[in-house]
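[1] Need the 3D shape of this:
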Amino acid sequence: MRYAELPLPPQLAGLVAAVWTMSVEGEGGWAEHEAVPDGCIELIRRHSGRSVWRDEQPPLFAAGLALSPAKLAFSPDASFTGIKLWPWAWHALGGAPCPGFADRWTAIPESSPLAALLPDAGDPIPRLLAANLQPNPLGTAILASTSVGEIGARSGLPHRQLQRVFARDLGLTPRAYLRLRRFRGAMIEVQASAATLADAAAGQGYADQAHMAREFRSLAGVAPREARARAKGPFL
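    Below you'll find the model as predicted:
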């Protein structure tokens, strides 16, 4: 598998988590991988080949918020471009409510404005910039916070209102969503850094290395050391 993320301009910070490309080259036959949860909605265009997550997927689809690894199968000629959107950016672009397709994918028709963001050829970043997405105050507070209390303090929303907003827009509690975001940071850290796993755990806000290991086994199905050795982006 070849996986790469494109550099993002600062205008997309806090809105787009990543724009990525992936191809299943040189694996021979159908390849099986798992995509781990990361707190994002993904708009995905398959340029060639076939892909299966529970069911055969269409050329253009969105993957919802996940709480467990998605077991994927790709034909050897499959290639993709994907956009990882924070949920508030997905909603700003007119995407379906997140609770409606959690832990599964939904087809995106070619007639949808979302399809124009991800053409079959070319860089999607200029199209994302042209969409003129504006910073979301609550989203900014979420990404800057490590606790529910911090989100409330930064956003000015009382706890019960936060609970209602998260339930309505994400289908998760604030604590559950922060757990996914912290795990995403840990997955990136263990792949990109030579820091010890204990230092990676501390840097991502886990109580200790054992706490991070439990979260990896729960959300990725593997230990952090194994993820470091074999993960490519969100794929295992």
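
[2] could you pull out the strands for this structure?
    Using DSSP state E, the strands of the chain run over 2-5, 16-23, 31-35, 41-48, 51-53, 55-56, 60-63, 70-74, 79-85, 105-107.

[3] Pipe these into a markdown table and attach mean pLDDT, mean neighbour count and distance to residue 163 per row.
    To be clear about C-beta, it is placed using only N, CA and C from the backbone, and glycine gets the same treatment. Formatted as a markdown table, the strands of the chain follow (pLDDT from 0 to 100; neighbours: other Cβ atoms under 10 Å; distance: least, Cβ to Cβ, whole Å):
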| stretch | mean pLDDT | mean neighbour count | distance to residue 163 |
| --- | --- | --- | --- |
| strand 2-5 | 95 | 13 | 33 |
| strand 16-23 | 97 | 20 | 24 |
| strand 31-35 | 95 | 17 | 28 |
| strand 41-48 | 98 | 20 | 21 |
| strand 51-53 | 97 | 17 | 30 |
| strand 55-56 | 96 | 8 | 33 |
| strand 60-63 | 98 | 20 | 25 |
| strand 70-74 | 96 | 19 | 27 |
| strand 79-85 | 98 | 23 | 23 |
| strand 105-107 | 97 | 15 | 26 |
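
[4] Now render those as a markdown table, adding distance to residue 143.
    Converted to a markdown table, the strands of the chain look like this (distance: least, Cβ to Cβ, whole Å):
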| stretch | distance to residue 143 |
| --- | --- |
| strand 2-5 | 17 |
| strand 16-23 | 9 |
| strand 31-35 | 21 |
| strand 41-48 | 15 |
| strand 51-53 | 27 |
| strand 55-56 | 33 |
| strand 60-63 | 20 |
| strand 70-74 | 23 |
| strand 79-85 | 13 |
| strand 105-107 | 24 |
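
[5] between these, which gets nearest to residue 206?
    In terms of Cβ to Cβ, the element of the strands of the chain nearest to residue 206 is strand 16-23, at 20.3 Å.

[6] Neighbouring strands of the closest one in the sheet, and parallel or not?
    Sheet pairing of strand 16-23 (DSSP bridges) gives strand 2-5 (antiparallel), strand 79-85 (antiparallel).

[7] residue closest to the middle of the chain?
    The residue lying closest to the centre of the chain (Cα atoms, centre = their mean) is residue 40, at 3.4 Å.

[8] Tell me which residues touch it, please.
    Listed by Cβ atoms under 8 Å, 6 or more residues apart in numbering, the contact partners of residue 40 are 17, 18, 65, 84, 85, 86, 87, 184.

[9] Map the structural domains onto the sequence of this protein.
    With domains defined by automatic domain parsing, the chain comprises 2-130, 137-169, 174-230.

[10] nearest to residue 70, of the strands paired with strand 16-23?
    Across the strands paired with strand 16-23, closest to residue 70 is strand 79-85 (Cβ to Cβ), at 12.8 Å.

[11] Determine the angle, from 0 to 180 degrees, between that closest one and strand 70-74.
    Strand 79-85 runs at 150 degrees relative to strand 70-74, counting by axes from the mean of the first three to the mean of the last three Cα atoms, to 10 degrees.

[12] Convert the C-alpha atoms of strand 79-85 to CSV, please.
    C-alpha atoms of strand 79-85 as CSV (Å, rounded to 0.1, in the frame of the first residue of the first chain):
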residue,chain,number,x,y,z
SER,A,79,-6.6,3.8,-6.0
PHE,A,80,-8.2,6.6,-4.0
THR,A,81,-8.2,10.2,-3.0
GLY,A,82,-9.8,11.2,0.2
ILE,A,83,-10.6,14.3,2.2
LYS,A,84,-10.7,14.0,6.0
LEU,A,85,-13.1,16.7,7.3
